[in-house]
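Enquirer: sequence unknown, structure follows:
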């Protein structure tokens, strides 16, 4: 009797490892969610509810979009916007990361620079546009200044926090083991802050796209942001939505790219993220 | 209010429990049967990650057994209830309530006491645990020892039939811990409900316990029940008595065996998230 | 068995004379140490026990060179390492193993082990790697883990690596700051036996602070007891239990007697801190 | 003995210096002096930057500030920011609570949000213009949209990350299920909810300035852009400063409220 019971129990306990089925309740709900988004859009336009009559329908957007992607204009626009974002955001990385490392590490340096930066921080990036136009030789280049400002502060603050949250014991251990300040910078400060820097970079990239679009809409001659605005003026409404979708996809792709690169850069982080995943699933 | 707590007996009958993490199922409890004696201090001890917390969660009603039954006074446990209260690891006081409001929480949540009598009872209990001067402090402002005492008071005001102590003194330094143990012994000997106390520290287990339930590694069951049979009231001077040393030697042997088994099996053992212990690859 | 390079060469005498330390955060003077005297012989294993926040860590930090003292003198082998007029100076001759563990999470086990010798410029990378492998072999750490990041190790192994990281620098003294506090009991007892083995092989001077009396009596040649703030050394208990010791020692009469003796000395102090509701300074 | 007196003396000195010579504060003040100094030097010395106003010019421009005009513009911007922000709370917060609380609702709503979220709020401007008749409501919709996602996401995250033991404890004490949200879940999630609000506030200011620059309907963004078109650069800089100040006031306000609601977090 006991034996028989043991067997049944074992059958359950040694059940094959649980695998997520491709079709389960979650995926169904997600599909419903996305489908209903498009469906409600189509229906609202079709039945001309309130001012939805002015909006393009999904079919129109798709049609126009395919035509647009085939033209050179699209590729030049996409390239121009991407270039601006990359230039601005990379410049922000190059300046903000070393600055943040020094501010987080050395109190004297922090005292001398941080208060000013704190005062400048609340000024939103678009407000810099007139100055950028004044500072930079071409109108096109000045647009890249907005993503720069937009990305600068998140990267800076994340870097500073990254250094500040390094366990004091790591510094002590490094000094114990006989390292010079320079060695401490390269072997403790920089690697210790990397995880936080990487998330700052991803945030900066996301906001950078917003900045580029702002700049292009206000004062551009090229770029996806400008194209959206132009389509509005030329009453080519489906193209507005196509432009928005293009920006969304490119922005998402660049964030994913940053995340991927930083994971490659920070191999020891994988262990952390894995254990985090575990604790979440638990 | 009556001070005679009803004493309840908890019975585990062939309980099996699985958990899923990292998309793999692990057996935590397997064919686990034992009895928590009414009105006694029952201590569960075993290697870390062996499923002691799961036992507590099953009795508290936060989880249900996958197999077998957990009975209280012959009835199956259906869900959480104020009759079975948990004192959590590293405290789960509500951080946004003051010490005083935390203790008041239970009676007010159920609406069984008027505000006035709840207030009186709270003040009485806070005085009893020596926290009357700290009643308006938030948990983050209290020391570890005081947090544990506040949590004890928060549970005791409800006069539960079963007290479930889930490694309540973990994280305290050894000396504060010792004082807390004496303190807790005194409380138990005064109020006397059924207590289940989970720990991984042997000395603590022996000095507190009426029954010492030694658990095996995962999948866990009860390996042996040792009756401590030291006289009450207890204090630390008994730690040098013959009986104490005998039990310690016996339990050490049992636990060491399990520890060795665990390290041998570590290739198959899964990560114990609670203690942050990870298997080497 | 005896290894010349690992063996202590009869050095590592620490003497602490009339040491006092006053903190002044926001002008409120906190006297952490007062008239603290102690003497540790070369090759001696000394444990310091006291209630939380009593100034144990302050004393260890002063010896390690992480903080200065406000009065008195600390010397190591007749060389003054801390006095009120001296600037704090950690060095590779006295290495700390930290409470939370301070293995650099961004370096592999091997990277951590070779860090000290390389930073001090004592060895080239190849030599350091060879030395690290030799020590891992000697002190029972399996080769398979050398390319792992600390996150992947069990908590016990992390401490093991940290002890080896200290020993590879051939320090005069090892300073241990409650290194096993966060471990579960089983791992802790394994680590105790490990540390005893390391001590038997190296005969280094070890200064170990803890609040766990069982640990103290089990490991030490001598247990020192510290009062609550302001901390001074109150009593010294010789532990005359023969080495080698094993977990069976824990249930012997001699051991229990010594432990009780220590307990009586400490209890009064703890009670004071407990009643005052002293916040543990972890 | 000599040692003792020395330490007392040095301590006395240290206390004196602590009281009267706060190096850190001095350096922080130096920071501004340095900044303004560098600014003037660059503008004066480097020919390329000669169009940029000097600090002195900006300071002098302060006295000819058209106060009533600026005040009206400030009020307009403030109104747009706060209206969008509170709309964001009124609509975003319940949604955040709902999808943080219920797995089914989360699976049902979240993927659609994830589709929309990568599109920067600014890119919505043309569609907004099509959809809303009044410029005022266009701008407010934009600020609302900017505030919406940070509030929803952080509310959801805060609720999802509540320590499971807290609701469990409350359940044991016999708290009614319908009270759980108010008594346990929301207080525990409060810190992260306020993080979301802080983010939302920052984004609404960015959006309001960008929208006003394009809209020609007043507000501080318009003020800056107008002065740019008439080449009055000292007033551009002043306008930027005023916007920064307004943004700072808003975030200080949020911090103040947030600190009040999470006062239990402050340790001593």
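Expert: Nice, I can see it. What you are looking at is a predicted structure, and each value in this text was computed from that prediction instead of being measured. Numbers count the residues shown, from 1 in each chain, chains lettered A, B, ... in the order given.

Enquirer: need the residues of the stretch 101-250 of chain B near chain D, please.
Expert: Within the stretch 101-250 of chain B, the positions lying close to chain D (C-beta under 8 Å from any C-beta of the partner chain) are B:105, B:106, B:109, B:110, B:138, B:139, B:140, B:141, B:158. Placement of C-beta: from N, CA and C, glycine included.

Enquirer: ok, what's across the strand from the spatially most central residue of chain C?
Expert: For chain C, the residue nearest the mean C-alpha position is residue C:176 (1.6 Å; C-alpha atoms, centre = their mean). Assessed by DSSP bridges, residue C:176 has beta-bridge partners residue C:97, residue C:208.

Enquirer: pretty sure it is in contact with residue C:97, am I right?
Expert: Yes. Look at residue C:176 against residue C:97 with C-beta atoms under 8 Å: they come within range, at 4.7 Å.

Enquirer: Name the residues that touch stretch A:105-122?
Expert: Residues outside stretch A:105-122 that contact it (C-beta atoms under 8 Å, 6 or more residues apart in numbering or on different chains) are A:99, A:102-104, A:153, A:156, A:163, A:185, A:189, D:24, D:27-32, D:34-35, D:202, D:205, D:243-248, D:251.

Enquirer: Past the helix or strand of chain A with the lowest mean pLDDT, which element shows up next along the chain?
Expert: Lowest by mean pLDDT, DSSP states H and E among the helices and strands of chain A is helix A:2-13, with a mean of 34. Proceeding C-terminally, helix A:2-13 gives way to helix A:25-46 as the next helix or strand, assigned by DSSP states H and E.

Enquirer: mind listing the helices for the stretch 151-268 of chain D?
Expert: D:165-172, D:177-180, D:186-215, D:220-229, D:233-261 (DSSP state H, counting those that start in this stretch).

Enquirer: Can you confirm whether the first one lies near chain A?
Expert: This means helix D:165-172. No. For helix D:165-172, no contact with chain A is found by C-beta under 8 Å from any C-beta; the gap never falls below 13.5 Å.

Enquirer: Please, where are all the helices along chain C?
Expert: Per DSSP state H, chain C carries helices over the ranges C:56-64, C:109-119, C:125-138, C:155-167, C:185-202, C:213-219, C:253-275.

Enquirer: Any chance you could list what contacts the last one?
Expert: Looking back up the chat, that one is helix C:253-275. B:130, B:145, B:175-176, B:178-179, B:236, B:239-240, B:245, C:49-54, C:213-214, C:216-218, C:223, C:225-228, C:234-235, C:237, C:239-241, C:249.

Enquirer: Quickly list the domain ranges of chain A.
Expert: Domain assignment for chain A by automatic domain parsing gives A:1-55, A:57-279.

Enquirer: Around chain B, pick out the residues from the stretch 1-150 of chain C.
Expert: C:51, C:52, C:142, C:144, C:145, C:148.

Enquirer: from the residues you listed, which two are the most distant?
Expert: C:51 and C:144 (41.6 Å; C-beta to C-beta).

Enquirer: who's more crowded, the two?
Expert: Between residue C:51 and residue C:144, counted using other C-beta atoms under 10 Å in any protein chain shown, residue C:51 has the larger neighbour count: 30 against 10.

Enquirer: The more buried one reaches residue C:212, doesn't it?
Expert: No. The pair residue C:51 / residue C:212 is not scored as a contact, 11.9 Å apart, by C-beta under 8 Å.

Enquirer: any common contacting residues for the two?
Expert: By C-beta under 8 Å, 6+ apart, the residues touching both residue C:51 and residue C:212 are residue B:173.

Enquirer: Now do the same contact list for residue B:80.
Expert: Contact analysis of residue B:80 by C-beta under 8 Å, 6+ apart lists B:60, B:61, B:62, D:168, D:171, D:172.

Enquirer: how close does the residue nearest to residue D:55 when sequence neighbours are not counted get to chain B?
Expert: Leaving aside its chain neighbours, residue D:55 sits nearest to residue D:36 (5.0 Å; criterion: C-beta to C-beta, 6 or more residues apart in numbering or on different chains). Residue D:36 sits 42 Å away from chain B, going by C-beta to the nearest C-beta, to the nearest Å.

Enquirer: Just to be sure, residue D:36 is in a helix?
Expert: Yes. Checked against DSSP: H, G, I helix; E, B strand; the rest coil, residue D:36 lies within a helix.

Enquirer: how close does it sit to chain C?
Expert: When residue D:36 is compared with chain C (using C-beta to the nearest C-beta), they lie 31 Å apart.

Enquirer: Can you report how many residues lie near that residue?
Expert: 16.

Enquirer: And it, what's its pLDDT?
Expert: For residue D:36, the pLDDT comes out at 91.

Enquirer: if I read this right, it contacts residue D:56, doesn't it?
Expert: No. Counting by C-beta under 8 Å, residue D:56 is not a contact partner of residue D:36; they are 9.5 Å apart.

Enquirer: returning to that earlier point: and which of the residues of the stretch 101-250 of chain B next to chain D is nearest residue C:73?
Expert: Residue C:73 lies nearest to residue B:141 out of those, by C-beta to C-beta, at 38.3 Å.

Enquirer: any idea how far residue A:88 is from the closest one?
Expert: 46 Å (C-beta to C-beta, to the nearest Å).

Enquirer: how much space between the residue of the stretch 1-150 of chain C found nearest chain B and residue C:179?
Expert: Nearest residue of the stretch 1-150 of chain C to chain B, counting by C-beta to the nearest C-beta: residue C:52, 4.7 Å away. Counting by C-beta to C-beta, the gap from residue C:52 to residue C:179 is 16 Å.

Enquirer: ditto for residue A:42
Expert: 65 Å.

Enquirer: Okay, now the unreliable bits of chain B?
Expert: B:1-6, B:21-24, B:49, B:262-281 (pLDDT under 70).

Enquirer: Name the helix or strand for the residue nearest the centre of it, please.
Expert: Residue closest to the average C-alpha location in chain B (C-alpha atoms, centre = their mean): residue B:165, at 1.8 Å. Residue B:165 is part of strand B:162-166, with elements assigned from DSSP H and E.

Enquirer: Not counting that strand itself, show me its contacts.
Expert: B:8, B:10, B:36, B:52-53, B:56, B:59-60, B:72, B:83-89, B:155, B:184, B:193-198.

Enquirer: same thing with stretch D:83-91?
Expert: So stretch D:83-91 is in contact with D:139-148, D:151, D:197, D:200-201, D:204, D:207-208, going by C-beta under 8 Å, 6+ apart.

Enquirer: By neighbour count, sort out the buried ones in those.
Expert: By neighbour count, with 16 or more other C-beta atoms under 10 Å in any protein chain shown, the contacts of stretch D:83-91 hold D:139-148, D:151, D:197, D:200-201, D:204, D:207-208 as buried.

Enquirer: measure residue B:219 to chain C for me?
Expert: Taking C-beta to the nearest C-beta, one finds residue B:219 at 18 Å from chain C.

Enquirer: Actually, residue D:236.
Expert: To chain C, residue D:236 is 43 Å away according to C-beta to the nearest C-beta.

Enquirer: And residue D:86, by the same measure?
Expert: Distance of residue D:86 to chain C, computed by C-beta to the nearest C-beta: 39 Å.

Enquirer: same thing with residue A:163?
Expert: Look at residue A:163 and chain C: by C-beta to the nearest C-beta, they are 14 Å apart.
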